[in-house]
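# Here's my sequence, what's the structure:
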Amino acid sequence: MNIIKIDSISHGNDGHKLQFVVNVNSKRFDVYFKCRGATLAPTTEAFIGILLLPAMLSNSKIIIEGEVDEKFYNQLPLIQSIYKQWFPSRNFQQVEIENVTPVSTTVDTRSRTATFFSGGIDSYYTFKKKDEHITDFVFIKGFDIGLSNTFLLEKSSALIYESAKRFNKSVIEIDTNVKLFLNKFVGIKIFHGALLSAIGHLLSKEIGRIYIPSTYSYGDLLPFGSHPLLDPMWSSKNFEIVHHGNESSRLEKIKYLNKSGVDLSKLRVCFADNDSMVNCGKCEKCIRTSLGLLAVNGIDSSEINIAALRKLNISPYNRFVYTELLYELEKIGSYPEICYAISSAIYKPMFLQSNIILLKNYLRKQKYRYPNLYRKISRTTQN
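Below is the predicted model of the structure:
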């Protein structure tokens, strides 16, 4: 079996900077975390959260020296089983963790409670729902926004500090390149929750509980890296990870925020790499959010980019979101052109085509032996 381990740990700048080297067989990856607003603790739980998925994908044994919370350690086999069943095409392997010592930690109730906060609908919803408990917003540079996108990072950071000041919260800002390491093995849709949980454990000397805002509602759940079943399993006895917000759909969250007095014009939902605006207004996520705001009279219909809406290729995972938006806008009855564009985007042939391609790739990766079906699918996607 291969080996994955962490070497050359450097914990400097009075605990506000953590650097280390991840060795995966003969390959070396330099990883860093820089923190403002809290100190970082190089806990075994955090390191395992970072290494587990790369180890499972490279069939590598994890070697880490140190103590690990017994509750956290005992959950790892089940966490691995969930990943294996949810993502069979990824060929995850059950891996061992050596040289750690499970210990029963005492419950230490810390006074600070944080939530991951990107400035979008999901994070605002969780914050407003748990406002009386939350003391800190955690904003990660290098997570959903790439480190090279300096304009969007700076603007997003400014908006988050502005919101924190308005609602009397503190900000913990973390700058990290760990995503560059994880992307070598798996995408953010799978490592999402594991990485957020690991960062939570890095803050666990000062934070006792952290919220991960949900992406999907209970009615729309699917295998995803951040999930109400999976995220809490990364908790330890004295550090709680809470996945929050599944009781509401995205549209229901927008309605709640609209009634709660949140300035919806301050939302940051876009990942576009540009140097002139926070939200581009043309990408799929911008359009999806704009339609939700239109449904609650948060914006004027003139702000909807209908041309970009018509061109959308809606993924199977987001189809139910647009169906809900279409239903809501049809009830209003004032936007026939927009409703027609949504309907066309949902049901255009690309939707069927994308599912055929997904099926083809699934069959290939699983090496299922259905040659006649596979040949038929191959001919279909080539036409």
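# Please point out which parts of stretch 79-94 sit buried.
In terms of neighbour count (16 or more other C-beta atoms under 10 Å), stretch 79-94 has its buried residues at 79-80, 82-83, 86-87, 90, 92. Heads up, the C-betas are built off the backbone N, CA and C, glycines and all.
# quick one: which two of the residues you listed are the most distant?
For the buried residues of stretch 79-94, the farthest-apart pair by C-beta to C-beta is Ile79 and Arg90; their separation is 14.4 Å.
# re earlier: could the buried residues of stretch 79-94 go into TSV alongside pLDDT?
Listed next are those as TSV, based on pLDDT from 0 to 100:
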residue	pLDDT
Ile79	97
Gln80	96
Ile82	96
Tyr83	95
Trp86	93
Phe87	91
Arg90	88
Phe92	93
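# Narrow the residues you listed to those in helices?
Residues of those located in helices (DSSP state H): 79-80, 82-83, 86.
# May I see those residues organised as JSON lines, with distance to Tyr327 added?
Shown next, in JSON lines, are those (distance: C-beta to C-beta, whole Å):
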{"residue": "Ile79", "distance to Tyr327": "37"}
{"residue": "Gln80", "distance to Tyr327": "39"}
{"residue": "Ile82", "distance to Tyr327": "32"}
{"residue": "Tyr83", "distance to Tyr327": "34"}
{"residue": "Trp86", "distance to Tyr327": "29"}
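# closest to Lys71 among the residues you listed?
Ile79 (12.3 Å).
# list the contacts for the residue lying closest to that closest one once chain neighbours are set aside?
Distances taken as C-beta to C-beta, 6 or more residues apart in numbering place Met233 nearest to Ile79, at 5.3 Å, with adjacent residues excluded. Contact analysis of Met233 by C-beta atoms under 8 Å, 6 or more residues apart in numbering lists 75, 78-79, 82.
# how does it look with 7 Å?
Residues in contact with Met233, defined by C-beta atoms under 7 Å, 6 or more residues apart in numbering, are 75, 78-79.
# strands paired with the helix or strand hosting Lys61, and their directions?
Element membership of Lys61 [criterion: DSSP states H and E] is strand 60-69. Note on strand 60-69: by DSSP bridges, its sheet partners are strand 2-12 (parallel), strand 97-103 (parallel).
# can you list contacts of that strand?
Residues outside strand 60-69 that contact it (C-beta under 7 Å, 6+ apart): 1-6, 24, 44-45, 47-48, 51, 55, 95-103, 105, 236-237.
# Show me which of those are buried.
Buried among the contacts of strand 60-69 by 16+ other C-beta under 10 Å: 4-6, 24, 44-45, 47-48, 51, 55, 95, 97, 100, 105, 236.
# Among those, find the lowest-pLDDT one for me.
Among the buried ones among the contacts of strand 60-69, Thr105 carries the lowest pLDDT, at 78.
# which one of the buried residues of stretch 79-94 is nearest Phe185?
For these, the nearest to Phe185 is Arg90 (9.3 Å; C-beta to C-beta).
# Help me confirm that Ala21 is found in a strand?
I think there's a mix-up here, since residue 21 is Val and not Ala. Yes: assigned with DSSP: H, G, I helix; E, B strand; the rest coil, Val21 falls within a strand.
# OK, contacts around it?
Counted by C-beta under 7 Å, 6+ apart, Val21 has contacts 6-8, 28-30.
# got these as CSV, with distance to Asp220 columns?
Shown next, in CSV, are these (distance: C-beta to C-beta, whole Å):
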residue, distance to Asp220
Ile6, 37
Asp7, 42
Ser8, 43
Arg28, 40
Phe29, 35
Asp30, 38
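# By neighbour count, which of these wins?
Counting neighbours by other C-beta atoms under 10 Å, Ile6 comes out on top of the contacts of Val21 with 21 neighbours.
# Can you tell me how far that residue is from Tyr73?
Remark: distance between Ile6 and Tyr73 (C-beta to C-beta, to the nearest Å) = 17 Å.
# Could you do Glu247 as well?
From Glu247 across to Tyr73, the span is 31 Å (C-beta to C-beta).
# Fine by me, we can end here.
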